[in-house]
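In: Show me the folded form of this:
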Amino acid sequence: MDVSCFFLSFICLAISFRTCIACNSSDLIALTGFSKCLSSKIDGWNSSTSDCCTWTGVSCNNSTVLRRRVTGLELGSKRLTGTICESLAGLDQLKTLNLSHNFLSRNLPAKLFSLQHLEVLDLSNNELAGSIPGVGVYMPSIRYVDLSRNCFSGSINASLCETSPSVRVLNLASNYFTGEVSSNFGLCTSLQHLFLNGNNLSGRFPESLLQLRDLRVLHLEDNQFSGPLHAEIGNLSNLVELDVSSNLLSGSLPDVFGKLGKIEHFSANRNKFIGSLPKSLVNSPSLLTLDLNKNTLDGPININCSAMTHLISLNLGSNNFNSPIPESLSSCQSLSILNLSLNKLGGEVPYNFKNLQALAFLSLSNNSLTNLSAALAIVQHCKNLTTLILSINFQGEQMPDDVNLQFESLKALVIPYSELRGSIPSWLSRCQSLQLLDLSWNFLDGPLPPWIGNFKHLFYLDVSNNSFTGEIPKRLTELRALIKVMNIPLEGTSGVPFYRAGGSSRNLQYKSIRSFRPTIDLSYNKLSGPIWPSFGNLKTLHVLQLNKNMISGQIPDSISGMSSLETLDLSHNKLSGEIPSSLVKLTFLSNFSVAYNELCGKIPTGGQFLTFPNSSFMGNKGQGAGEFASCQPVQTPNEHGSTSMSMTIVGLPFAVGAATGFIITIIFVFRSGWVFSKAQRR
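Out: Numbers count the residues shown, from 1 in each chain. The predicted structure follows:
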């Protein structure tokens, strides 16, 4: 019993003693100095207590002496603003420094690169600028450095490699570095992951990198490297991931992939490679993803699926591959993404494609394929297919209306620019997972079927530039996905971007179907009848284009309920009456046209209407010098039973010289060439 009391007393004493231990005074001074350089406060930092080891993000060692030393400072994603002070270099026992995902700016203090015990340095995703110090760098313990997504510039100084042989990961991506890669990189002999992508680096493929035999991941994309891809890349036998996309590399791909026995991901898209696919590449058993999109490769597609049993994604779009689609591709049973668009492929879709049960994304657009009926009958057996893009093929064929066609998982169907004839097929009504439908620029006719409004998830519909007739189905205004925001599951959508603005990693990429603006485009048809008041229920619709039809009647006041509307084009119809004054409530409306109708009366004042040019209203009754003609009396009973009065001529109350609204033009530049810009209408 006495022994138990002794141990209990000892434990209590130890706990009491432990609470008296404070952090080292020099560490306290360093942290206090750092906080003074910040424009924002750090929650959990209390200057009234001397034990900085209790502050948020600060960790200390387990020293038994009275003064513990700071070994970690982790303040990622704390919305910090200001600069990084030189005082941080006073934390001479620091092992981990993580200030990532903040708003820190200006230059880095050179002394920060002399912390001898530092193992992890992560300053990524800030607004830091200047150059990386070239002298005084001495971090012998460093293993991980991430300075990506900042504003660093100048040449990349590789002095770190001279004094830090233990560095394993170096990430300098998405900055503004220029010039050639230093030969000193060859001294980073322990380097396993190197990210130099998203800069302005130039010169030939860096030969110094070919000495890094432990390298597993190498990202050089989005730069300006030129010349051939060096054949000695085959000496990097530990490479798992190699990305040289979006450069100026040229010549033939080296036939050295047989030496890269661990390679899983190879991307060389958006370069100037020529010639045929190397034999060692198309027989690589370890490869999971292969992206050679947008080069000038030619010859047959001789992928050996018997060897490449693990291939998941194959992107050979925008090249000069010819001959029919090889039937052997159907043996790639793991294939989930297949892009063969913008080539010179002919013939029919191979019958055995029905065996691609893992296939989720298929783009065959911009080729010379034939027999759409057979193609759909085959790929319907790909039960996981979510995206099917067949643009600019099957020229002049009939749109198949096989009642047995069924695509249970299909979320995006894209077949524009094919001069297809016939009507919208009834089998589409059973594609209840459909979110995006583009049948534009064909010769389809007949009425739009009422069931087109039954889709639960459809938010993008483009049937423009056809010959559809009759009224707009009223049920189209009941599309659930356009009435309210819905959480639609997107499993199985492709990782291949539908739209990519430019080649830089800083530019926006739309990587999923839901990246597109909610749209209804019925323009350039022969539709008639009214604009239904129930269109106002489509509160999440961004783009409504009904121009170039024969739509008549008045513009319903309820249109003002489309609170997300950015583009409204009702031009070149037979609309009459006034423009509803309530449209000034559409605060997001930036592209508007009612030109060439039979409108009259007042033009709304205020709101976005102050930004619309004169061309938005031209071609109406008496329109000239900013005026509409007065409306004729219409015997329409109001709520008191009287008739409406005729309207007087009014001036057009907008400033032509004012800021023009942001013009939204939906341009689908699907990376494989899904849709081309609509420069000329039929």
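In: Apart from its neighbours in sequence, what residue is nearest N620?
Out: L599 (4.4 Å; Cβ to Cβ, 6 or more residues apart in numbering). Every residue, glycine included, has its C-beta placed from N, CA and C.
In: M399 now?
Out: Nearest non-adjacent residue to M399 (Cβ to Cβ, 6+ apart): G422, at 3.8 Å.
In: burial of that neighbour, as a residue count?
Out: Residue neighbour count, defined by other Cβ atoms under 10 Å, stands at 15 for G422.
In: can you check the one 10 residues further on too?
Out: Around Q432 sit 13 other residues, with neighbours defined as other Cβ under 10 Å.
In: Same check on L187?
Out: Counted by other Cβ under 10 Å, the residues lying close to L187 total 20.
In: Now do the same for the closest residue to it other than its chain neighbours: helix, strand or coil?
Out: Leaving aside its chain neighbours, L187 sits nearest to C161 (4.0 Å; criterion: Cβ to Cβ, 6+ apart). Secondary structure, DSSP: H, G, I helix; E, B strand; the rest coil: C161 is helix.
In: ok, back up a step: contact partners for the residue nearest to N620?
Out: I555, L575, S576, G577, E578, I579, F617, N620, K621, F628 (Cβ atoms under 8 Å, 6 or more residues apart in numbering).
In: Check the spacing between it and K574 real quick.
Out: According to Cβ to Cβ, to the nearest Å, L599 stands 10 Å off from K574.
In: V282 too?
Out: Taken as Cβ to Cβ, the span from V282 to K574 is 59 Å.
In: what about these two, which has more around it?
Out: Taking other Cβ under 10 Å, V282 and K574 do not tie; V282 has more neighbours (19 against 13).
In: wait, doesn't G227 sit right on N247?
Out: No - G227 sits out of contact with N247 when judged by Cβ atoms under 8 Å, with a separation of 9.6 Å.
In: Quick check, pLDDT for the residue nearest to S391 when sequence neighbours are not counted.
Out: Distances taken as Cβ to Cβ, 6+ apart put S365 closest to S391, at 3.7 Å, once the chain neighbours are dropped. We have a pLDDT of 97 for S365.
In: quick one: S365 and F617, what's the gap?
Out: From S365 to F617 the distance is 38 Å (Cβ to Cβ).
In: out of those two, which sits in the more crowded spot?
Out: Legend: neighbour count by other Cβ under 10 Å for S365 and F617, higher for S365 (28 against 25).
In: In three-state terms, label the more buried one for me.
Out: Per three-state DSSP, S365 ends up coil.
In: those strands in the stretch 551-682 of the chain, which residues are they?
Out: Ranges of strands within the stretch 551-682 of the chain are 567-569, 574-577, 591-593, 598-599, 627-628, 650-651, based on DSSP state E, counting those that start in this stretch.
In: need these in a markdown table with distance to N352 and mean pLDDT, can you?
Out: Compiled in a markdown table, the strands of the stretch 551-682 of the chain are given as follows (distance: least, Cβ to Cβ, whole Å; pLDDT from 0 to 100):
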| stretch | distance to N352 | mean pLDDT |
| --- | --- | --- |
| strand 567-569 | 44 | 99 |
| strand 574-577 | 52 | 97 |
| strand 591-593 | 47 | 98 |
| strand 598-599 | 58 | 96 |
| strand 627-628 | 63 | 70 |
| strand 650-651 | 68 | 32 |
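In: would R149 count as being in a helix?
Out: No - per three-state DSSP, R149 lies outside any helix segment and is coil.
In: give me phi/psi at the residue nearest to S391?
Out: Torsion angles at S365 (phi, psi; degrees, to the nearest 10) stand at phi -70, psi 160.
In: pretty sure it contacts F394?
Out: No - here S365 lies out of contact with F394, judged by Cβ under 8 Å, at a distance of 10.7 Å.
In: what touches both of those two?
Out: Counting by Cβ under 8 Å, 6+ apart, nothing touches both S365 and F394.
In: Return the per-residue confidence for the residue nearest to W451 when sequence neighbours are not counted.
Out: Using Cβ to Cβ, 6+ apart and skipping residues adjacent in sequence, the residue nearest W451 is S429, 4.5 Å away. Looking at S429, its pLDDT stands at 97.
In: N184 too?
Out: 88.
In: JSON lines for the strands of the stretch 551-682 of the chain, including distance to F321?
Out: Below are the strands of the stretch 551-682 of the chain laid out as JSON lines (distance: least, Cβ to Cβ, whole Å):
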{"stretch": "strand 567-569", "distance to F321": "37"}
{"stretch": "strand 574-577", "distance to F321": "49"}
{"stretch": "strand 591-593", "distance to F321": "39"}
{"stretch": "strand 598-599", "distance to F321": "52"}
{"stretch": "strand 627-628", "distance to F321": "57"}
{"stretch": "strand 650-651", "distance to F321": "61"}
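In: can you tell which of those strands is closest to M550?
Out: Comparing the strands of the stretch 551-682 of the chain against M550 with Cβ to Cβ, the closest turns out to be strand 574-577 (5.9 Å).
In: got the contact list for the closest one?
Out: Residues contacting strand 574-577 (Cβ under 8 Å, 6+ apart): 531, 550-555, 594, 597-601, 631, 634.
In: Stretch 234-244 too?
Out: For stretch 234-244, contacts defined as Cβ under 8 Å, 6+ apart pick out 192, 197, 205, 210, 212-221, 225, 229, 233, 254, 256-268, 271.
In: Mark out where each domain of the chain begins and ends.
Out: Under the assignment the TED database, the domains of the chain span 29-136, 152-297.
In: Go through the ones you listed and pick out the most buried.
Out: The highest average neighbour count among these, using mean count of other Cβ atoms under 10 Å, belongs to domain 152-297 at a mean of 19.
In: from the chain's centre, how far out does that one sit?
Out: Relative to the centre of its chain, domain 152-297 is centred 23 Å away, using Cα atoms, centre = their mean, to the nearest Å.
In: Return the backbone torsion pair for the residue nearest to S105 when sequence neighbours are not counted.
Out: Using Cβ to Cβ, 6+ apart and skipping the chain neighbours, the partner closest in space to S105 is E127 (4.2 Å). Dihedral angles of E127 (phi, psi; degrees, to the nearest 10) stand at phi -130, psi 30.
In: Contacts only, for E127.
Out: If you count contacts by Cβ under 8 Å, 6+ apart, then E127 has F103, L104, S105, N150, C151 around it.
In: what do you get for P300?
Out: Counting by Cβ under 8 Å, 6+ apart, P300 makes contact with S276, F321, N322, S323, P326.
In: Just the buried positions in stretch 423-439, please.
Out: Residues of stretch 423-439 classed as buried by neighbour count (16 or more other Cβ atoms under 10 Å): 423-425, 427-428, 431, 433-439.
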